[in-house]
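Enquirer: Pasting the sequence and the predicted model now:
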Amino acid sequence: MYQHHWSQIEAPFGEVAAVEFQAGEHAEPPLDLVEIPFVDIHSNDPLCGCAVDLFQAVATRYSQHCDALRKTAIESILEEFGQGRQLPHACGAHVPFIVFQRYGEPRIRHGHILGAGTVHCMLTMMKRICALSSLVMSLGAGWAADAPKAEISNGEIHAKIYLPDANRGYYRGTRFDWSGVLYSLQFKGHEYYGPWFQKTDPAVHDFIYEGPDIVAGPCSAITGPVDEFAPLGWDEAKPGGSFIKIGIGALRKPDDAKYDHYTLYAVTDAGKWSIQKHPDSIDFIQELSSAGYDYVYRKTVRLAPGKPEMVLEHSLRNRGTRAIRTNVYNHNFLVLDNQPPGPGLTISAPFQIESSHPPDKKLAEIKGGKIVYLSTLQDRNTAATPIQGFSESPKDHVIRIENSRLGAGMKIEGDRPLLRASLWSIRTVMAVEPFVDIVVAPGTEFTWQSVYEYYTLPRH
């Protein structure tokens, strides 16, 4: 790799590491300025792959300092350069790295060499940096091996769950609730949840197809039945101000652009998390007072005694003076036995399903109260549709998913009326997404729950 111009740094690596890995501290760094600016990556450099992986991991680890990134056109490699994202690993690609400034917090900077007074960490430092690359990757990668986790069982169901952690958590994106991330649920030899993607990449906005693999971005790389809340306070927040995502915390609004749930926003306050583990359940509690809101959010993942049932219990208590108005849906990433959606897979509801945008008729069709798959999803097939026709009664908040080819099914039943619902599926995953409206007046509490029943059925 090369720079247009540079000077070597001979400072001990420990001094540089202290700056790199202590985000948020304002103490004077040992150097006036340390910048890792644009680097041209070429395939004939033996260290280029490690260098890019390393600094992408550092950038992901310190995403809360990515506010300097803005949308811009950079050659033809990436048309839209969004906040918290990196360029692809491409020969000749410019890769933005970390900038550290005197008396300032580290941040990601998209810019060229600053000129006089700049000290560059260059190839002579790379061998020392690469020695810590596995450590940095474990801090930055969402699915790190040391991510905190727990297991629960009731004798019928065995479930594995990732736990929220701002530093080591499996998921630290800013789209989905950090609590109750199931990465496995087994019942009678069937696996219901797990990764629907093969790789993750901070350069990816949502997900992409890359050869035989599906590559997910940092906000979409998650598994199982996970909740996403609509943001609080986005419209009134000014650029640089904060807004709220329940289950994540206070996030920084970088500019006046429209809210985008695939963007990795800077987390300014993750609140206080408390976790209580039991043999057959886990309680997650987040307390947050920020951006004009003050709430206690509680989520419990509980396995019913002696039954093949999982209950997701939620409560949101408003301790502030502003009403909380939002909505939530569960994405329900279902990867049943890691088989693609196809013939034999049926979704049922207790009402006549209607749709303003029916699914591709070659892939699936609506038949009364059912959505029936006609073809196996492959390549880049997508079977998706809004699910409409339900009433305002909670009795319509019931969804059955059955796969007669695999001999397994499940039922999802909620205790609140549906706000809306939708189906989305690709070759590795199928998701039925029920939405619930939430309004919590000051001093009150709102509760809702979903019961998941798992069962087997005859194979056809």
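Expert: That came through, no problem.
Enquirer: so where is the stretch 1-150 of the chain shaky, pLDDT-wise?
Expert: Applying pLDDT under 70 to the stretch 1-150 of the chain picks out residues 1-145.
Enquirer: now the helices for the stretch 151-300 of the chain?
Expert: Counting by DSSP state H, counting those that start in this stretch, the stretch 151-300 of the chain yields no residue ranges for helices.
Enquirer: And Arg427, how far from Glu433?
Expert: 18 Å (Cβ to Cβ, to the nearest Å). Backbone N, C-alpha and C define where each C-beta goes, glycine included.
Enquirer: what does Tyr170 give?
Expert: 21 Å.
Enquirer: higher neighbour count, these two?
Expert: The residue with more neighbours, out of Tyr170 and Glu433, is Tyr170; 24 against 18, by other Cβ atoms under 10 Å.
Enquirer: Surely Thr447 and His314 touch.
Expert: Yes. Applying Cβ atoms under 8 Å, one finds Thr447 in contact with His314, separated by 6.5 Å.
Enquirer: Looking at these two now, which is surrounded by more residues?
Expert: Ranked by neighbour count (other Cβ under 10 Å), Thr447 and His314 place His314 first, with 24 against 12.
Enquirer: for the more buried one, helix, strand, or coil?
Expert: Local secondary structure at His314 is given as strand here, using DSSP: H, G, I helix; E, B strand; the rest coil.
Enquirer: ok, now which ones touch Phe207?
Expert: By Cβ atoms under 8 Å, 6 or more residues apart in numbering, the contact set of Phe207 is Phe197, Ile214, Val215, Ala216, Gly217, Ser220.
Enquirer: Now Pro202. Its backbone dihedrals?
Expert: Main-chain dihedrals, Pro202, degrees, to the nearest 10: phi -60, psi -10.
Enquirer: and the gap between it and Phe243?
Expert: 22 Å.
Enquirer: cool, and Gly217?
Expert: Gly217 is 20 Å from Phe243, by Cβ to Cβ.
Enquirer: Comparing the two, which shows the higher neighbour count?
Expert: Gly217 (25 against 22).
Enquirer: Skipping its backbone neighbours, what lies nearest that one in space?
Expert: Val204 (3.7 Å; Cβ to Cβ, 6 or more residues apart in numbering).
Enquirer: Look at the one you found and say how many residues are nearby.
Expert: So Val204, with other Cβ under 10 Å, has 23 neighbours.
Enquirer: Would you check that it makes contact with Ile214?
Expert: No. Using Cβ under 8 Å, Val204 makes no contact with Ile214, being 9.9 Å away.
Enquirer: Need the max-distance pair from the contacts of Phe207.
Expert: Ile214 and Gly217 (11.1 Å; Cβ to Cβ).
Enquirer: Give me the domain ranges for this protein.
Expert: What automatic domain parsing lists as the domains of the chain is 13-140, 149-330, 338-435.
Enquirer: How far does the shortest one stretch from one end to the other?
Expert: This stretch, domain 338-435, spans 26 Å end to end (Cα to Cα, to the nearest Å).
Enquirer: average pLDDT across that domain?
Expert: Across domain 338-435, the average pLDDT comes to 98.
Enquirer: Show me where the stretch 251-400 of the chain has its strands.
Expert: 267-269, 272-278, 281-290, 293-303, 309-318, 324-330, 345-348, 364-367, 370-373, 383-386, 398-403 (DSSP state E, counting those that start in this stretch).
Enquirer: Strand 281-290 and the fifth one, what's the angle between them?
Expert: Same thing as strand 309-318. 20 degrees (axes from the mean of the first three to the mean of the last three Cα atoms, to 10 degrees).
Enquirer: give me the number of residues near Asp165?
Expert: 18.
Enquirer: Please list all residues in contact with it.
Expert: Ala147, Pro148.
Enquirer: pLDDT wise, what is it at?
Expert: pLDDT at Asp165 comes out at 95.
Enquirer: got the phi/psi numbers for it?
Expert: phi -160, psi 120.
Enquirer: what about it, distance to Tyr171?
Expert: 9 Å.
Enquirer: quick one: contacts for the residue lying closest to Pro343 once chain neighbours are set aside?
Expert: Nearest non-adjacent residue to Pro343, counting by Cβ to Cβ, 6+ apart: Tyr373, 5.9 Å away. With contact set as Cβ under 8 Å, 6+ apart, Tyr373 has these partners: Pro341, Gly342, Pro343, Gly344, Leu345, Thr346, Leu363, Ala364, Ala383.
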